[in-house]
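**Q** the sequence and its predicted three-dimensional model are supplied below.
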Amino acid sequence: MAIRPRIYTPEDLALHGKLDLDSQASTHLVKVLRLNEGAELRLFNGDGCEYLAHITIANKKNAQVEINDVLSTDSKVSFPLHLGQVVSKGDRMDFTIQKATELGITDITPLWSERCDVRLKGERLEKKMEHWKKVAISACEQSGRNHIPTIHPAMNYQDWARAVESDTKLVLHTRDQKPLSDIKAPASVALLVGPEGGITDDEVDFCIQQGFTGLTLGPRILRTETAALAALSLFQYLWGDF
C-alpha cells in the first residue's frame, strides 16, 4: 500500500465534508508528490483526530479533498510539559521547537534573558512567531501527533517564571542542582532552559524564589538545544509516555 501523505489544515473537518486545501498544501500534493484525483491522504487540524481523505480535484491552482473516515483519535494529554526556552541564535531555536514537538511537548514559550543574543521586536517578532508555529505544525505532520503544541507569546523570563503554573518547576543551571532521581514523579512539569551563554546567578536566584528547583543532567555542560531535548526525553521516559 502506498504511503498516505499527512497534511495539516486549520479548517474544520467532518465526515464526508469537502474542503479546498491552501496553496502550500495543494502545491505539495499536486506538484511535489504528483498526486492525482482519487489519491488518499491523511489530514489533521489539531482537534486530536486524524482523518482519511481522498483528492476530488487536483490541478495547478488548488486541491480539493473529501473526508472519508476518522483514522485515529489521540487521548487527552496526560502529562503536560511546558518548555520556557530562552531564544537562541540561528536555526537552534527551530531545532529545539521541532524536536520538542516530536518528544511530546505541550507548551513552548520563547523567552528573553540577560545573556540572550537575539533581540526581536514588532513585525520581526511577529514573523518569527508565525515561523515557529509552522515549525511545530510540520513536526506534528512528520511525527504523527494530532495535537499541536501551543507556542505562547515571547516574554521576559521573569514574567514567565512568575506566571507559569505547573506541579514541578525546574531550571537547568550549573549550581545548587538536584538530580532527577531525587524529584518525586509530578503531574506536570515546567522547564526553564537558558541561552548559549547560560543564565546568570541572579536569574537562577529569581527562579528559585518563584518555586523552581535546580536540575542537573550530569557532569557535562550541554548546549542549550541539547539540554532541553535531553531533559524532555528523560521526563517522558520517567513520567510520561515513553
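**A** Cool, the structure landed. Numbering: from 1, shown residues only.

**Q** buried sites along stretch 122-130?
**A** Residues of stretch 122-130 classed as buried: 128, 129 (neighbour count, 16 or more other CB atoms under 10 Å). Using the backbone N, CA and C atoms, a C-beta is placed for each residue, glycine as well.

**Q** quick one: mean pLDDT over it.
**A** Stretch 122-130 carries an average pLDDT of 94.

**Q** for the helix or strand where residue 26 lies, which outside residues touch it?
**A** Taking DSSP states H and E as the criterion, residue 26 maps to helix 23-27. When contacts are defined by CB atoms under 8 Å, 6 or more residues apart in numbering, helix 23-27 is touched by residues 7, 8, 9, 20, 61, 62, 63.

**Q** quick one: residues in contact with the strand or helix carrying residue 99.
**A** Assigned by DSSP H and E, residue 99 belongs to helix 92-102. With CB under 8 Å, 6+ apart as the test, helix 92-102 has contacts from 83, 85, 87-88, 108, 110, 118, 131-132, 135-136, 138-140, 142-143, 145, 149, 151, 196, 223-225, 228-229, 232.

**Q** following the longest helix along the chain, which helix or strand shows up next?
**A** Scanning the chain for the longest helix, with DSSP state H as the assignment, gives helix 122-143. Heading C-terminal from helix 122-143, the first helix or strand you meet, by DSSP H and E, is strand 150-151.

**Q** and that next one, how far from the chain's centre?
**A** On the basis of CA atoms, centre = their mean, to the nearest Å, strand 150-151 sits 7 Å off its chain's mean C-alpha point.

**Q** distance of residue 169 from residue 59?
**A** As for residue 169, its distance to residue 59 is 52 Å (criterion: CB to CB, to the nearest Å).

**Q** looking at the two, which one has more neighbours?
**A** The neighbour count for residue 169 versus residue 59, taken as other CB atoms under 10 Å, is higher for residue 169 (23 against 10).

**Q** my guess is that one contacts residue 190. True?
**A** Yes: contact criterion CB atoms under 8 Å: residue 169 and residue 190 qualify, at 4.6 Å.
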